[in-house]
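J.: Here you go, sequence then predicted model.
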Amino acid sequence: MEGDQITQTCEEICDGKSMVPETVETYLSSLRGGYLYFVLFCALLLLNSCTTKNSLDINANVPSASNAGNYLTGRVAYNNHDLNDATSSFRDALKKNPNENLLLRRSFIAELEAGNLDHAIRLAERALKQKKTSIFMHLVIGLRDAKEGNWDKALGNFTKMESSQVNEILKPLLLGWSYLGKKDLPKVRQNLLSLKKKRGFELLSLLHTALALQDQEKISVIDKLLDEAIGSVEETPSRLALTAANYYQKTGRTDTAIDLIDKIKSKDFNLEILKGGRRITKGSSLSEVTVRSPQDGISEALFDIASALRDEYDNNASLIFVRLASYMRPEFHSAQILLGEILEERRKYPEAIKEFEQIPEKSIFFRMAQLRLSQTLRQDGKPRAAILVLERLEQRQPKNAENFIRLGDIYRSQKDWDEAIFAYNTAINLTNRDSKSDWILYYSRGVALEQSGQWDMAEADFIKALELAPNQPFIMNYLGYAWTEQGINLKKAEQLIRKAVSLRPKDGYITDSLGWVLYQTSRFDEAVPILERAVRLRPNDATINDHLGDAYWQVQRKLEATYQWKRAITMNPDSELKEKIQQKLSFGLD
């Protein structure tokens, strides 16, 4: 994204239309690993940034020419997610122009994303003294006050937060938890339950009200809130299940707590540790799923929003909110994992690895963190280290099929077909069932088998995967293309591939498969436009360009065929394909 990312995003989103979400159910029911994926928040934060007209005005004057070097260096570093360099450059620029409005705001945002909250707060205070308000400034100062237990000051700053759609949801949460700090229970209820009146936010309201009042109200009152929350969704999301189970255990209902934990379907938790912890004495609890203070509650609210904003606009907003959540509660393992995921998506692998490695073994989130750690090491070009992480998990949980699936995936990416097949075999034996979601396991093993030359077994796996997921385009494409390459079952292959194309019309690989089956059945005139489209969709794939060259040759467009083959050679094809292309460049296909 060119220019300042938050500014540009704001301009793209803010068109004056109402973007209030209609339902919060998706948010709470699509939890993964304890995260609250509040999908309908996705546009709200950015509208918040648009509400304050002067917050990040793209037409604002840039710093003076004498200071432009540091400013521009900071902008470039920020846009490249190099936050340490960005904050350093902005700090140098501020030394020369300490009251420059635009520079203050950009520096403030960069400090927030980098997690330098103390510095960001000082910038916010300086800006507000000069009446140069910007997004997040009253919020972060209010959070500082709340962290220190200065609830009156915190309430004052939270009340001054800009009017926006996101703050219609965020402000009641912050005020409710702040009033809990003042022991003003009527206002706690008033603010937190006010969200219940907003369509789609009932579950969020009930969850935070139960968390806030669990040590203040009678058991029957909290039970009613939790029952209403659980009854409002078809499938109890992990976050809600953990909250309710923790409360049931604290109040001496351990069996009820374990029954609820058993309903959690996520494979990322170490549920045995969790259930083991539930068998301890009445009144105790697991700190990871316990909100012990109003500060913890505020952290939970900020984390909810950070999770909701995942994958939106380079995660700038999500990163800010997860930093704020961690500021309020430093040992917040779910927030640490989310922070690691965002850093991994930004390809800041060493920083992400550091976050994942901080989760202790005794944590119920340890397995989740280790899986993310393995994935990040693999992305960082360290497959052996990634494998070692999974092997250690395997030793701890030898009957967990997911460990072996991930091992198989890494071995397959390294083209170690025998090890991949062994890992997938183990996973299938441990799974001992054939649910629809297992199609990926048979598909993955089929790929490894096919690549290792064991076609009969591979074909059986692809057919099994297709039985489990009859409308999965990747299975149809791989099986159809494999048949096409071998010159067998061509009619059936074409049917599969055409269906796959209808499901994924913009997939260059699947489009190529259709062109190639037409080529293999000597329908060269039909194949050419299909393969041309495949090249447009995947212009840098050697195999697809080679296929188009072959088709051009067959329709007597030999100069264009030679051009395509020469292009394919420049795309670093494997040695086998490269040799074939060189033969065609020398002798053609006649």
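T.: That came through fine.
J.: wait, what's in contact with residue 124?
T.: Residues in contact with residue 124 (CB atoms under 8 Å, 6 or more residues apart in numbering) are 108, 134, 136, 137, 138, 140, 141. Quick note: C-beta positions are derived from backbone N, CA and C, even for glycine.
J.: how much space is there between the third one and residue 124?
T.: By that I understand residue 136. Between residue 136 and residue 124 the computed distance is 8 Å (CB to CB, to the nearest Å).
J.: Using the record's domain definitions, break the chain down for me.
T.: If you go by automatic domain parsing, the domain ranges for the chain are 10-52+163-266+287-330, 398-457, 500-590.
J.: Name the stretch among those domains that sits most buried.
T.: Most buried of those by mean neighbour count (mean count of other CB atoms under 10 Å) is domain 10-52+163-266+287-330; its value is a mean of 20.
J.: for residue 145, what are its contacts?
T.: So residue 145 contacts 151, 153, 154, 157 (CB under 8 Å, 6+ apart).
J.: can you list these in TSV and add secondary structure, distance to residue 404 and neighbour count?
T.: Compiled in TSV, the contacts of residue 145 are given as follows (DSSP: H, G, I helix; E, B strand; the rest coil; distance: CB to CB, whole Å; neighbours: other CB atoms under 10 Å):
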residue	secondary structure	distance to residue 404	neighbour count
151	helix	51	19
153	helix	54	16
154	helix	49	27
157	helix	51	23
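J.: Just the closest of these to residue 338, please.
T.: Proximity of those to residue 338 (CB to CB) peaks at residue 154, which lies at 24.0 Å.
J.: any shared contact partners between residue 136 and residue 124?
T.: Residues touching both residue 136 and residue 124 comprise residue 108, with contact defined as CB under 8 Å, 6+ apart.
J.: mind showing which ranges of the stretch 201-350 of the chain have poor pLDDT?
T.: Counting by pLDDT under 70, the stretch 201-350 of the chain shows low-confidence ranges at 267, 270-287, 311-314.
J.: what about residue 81, distance to residue 453?
T.: As judged by CB to CB, residue 81 and residue 453 stand 43 Å apart.
J.: and if you look at residue 495?
T.: Going from residue 495 to residue 453 by CB to CB gives 26 Å.
J.: those helices in the stretch 451-590 of the chain, which residues are they?
T.: 455-468, 473-486, 490-503, 508-520, 524-537, 542-554, 558-569, 575-587 (DSSP state H, counting those that start in this stretch).
J.: of the ones you listed, which approaches residue 326 most closely?
T.: That would be helix 473-486 among the helices of the stretch 451-590 of the chain, by CB to CB, at 37.5 Å.
J.: Quick one: list the elements packing against that closest one.
T.: Applying 3 or more CB pairs under 8 Å, 6 or more residues apart in numbering; DSSP states H and E, we find helix 473-486 packed against helix 439-451, helix 455-468, helix 490-503, helix 508-520.
J.: Now render the helices of the stretch 451-590 of the chain as CSV, adding mean pLDDT and distance to residue 77.
T.: CSV is the format used below for the helices of the stretch 451-590 of the chain (pLDDT from 0 to 100; distance: least, CB to CB, whole Å):
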stretch, mean pLDDT, distance to residue 77
helix 455-468, 96, 45
helix 473-486, 95, 38
helix 490-503, 96, 41
helix 508-520, 96, 34
helix 524-537, 97, 34
helix 542-554, 97, 35
helix 558-569, 96, 36
helix 575-587, 95, 40
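J.: could you dump those helices to CSV with distance to residue 162?
T.: Below are the helices of the stretch 451-590 of the chain laid out as CSV (distance: least, CB to CB, whole Å):
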stretch, distance to residue 162
helix 455-468, 50
helix 473-486, 45
helix 490-503, 44
helix 508-520, 44
helix 524-537, 43
helix 542-554, 50
helix 558-569, 53
helix 575-587, 58
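J.: Could you dump the domains of the chain into JSON lines and include distance to residue 365?
T.: Formatted as JSON lines, those follow (distance: least, CB to CB, whole Å):
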{"stretch": "domain 10-52+163-266+287-330", "distance to residue 365": "7"}
{"stretch": "domain 398-457", "distance to residue 365": "15"}
{"stretch": "domain 500-590", "distance to residue 365": "35"}
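J.: Out of these, flag the one nearest residue 373.
T.: Closest to residue 373 of those, according to CB to CB: domain 398-457, at 11.3 Å.
J.: Closest to residue 551 out of the contacts of residue 145?
T.: residue 157 (66.4 Å).
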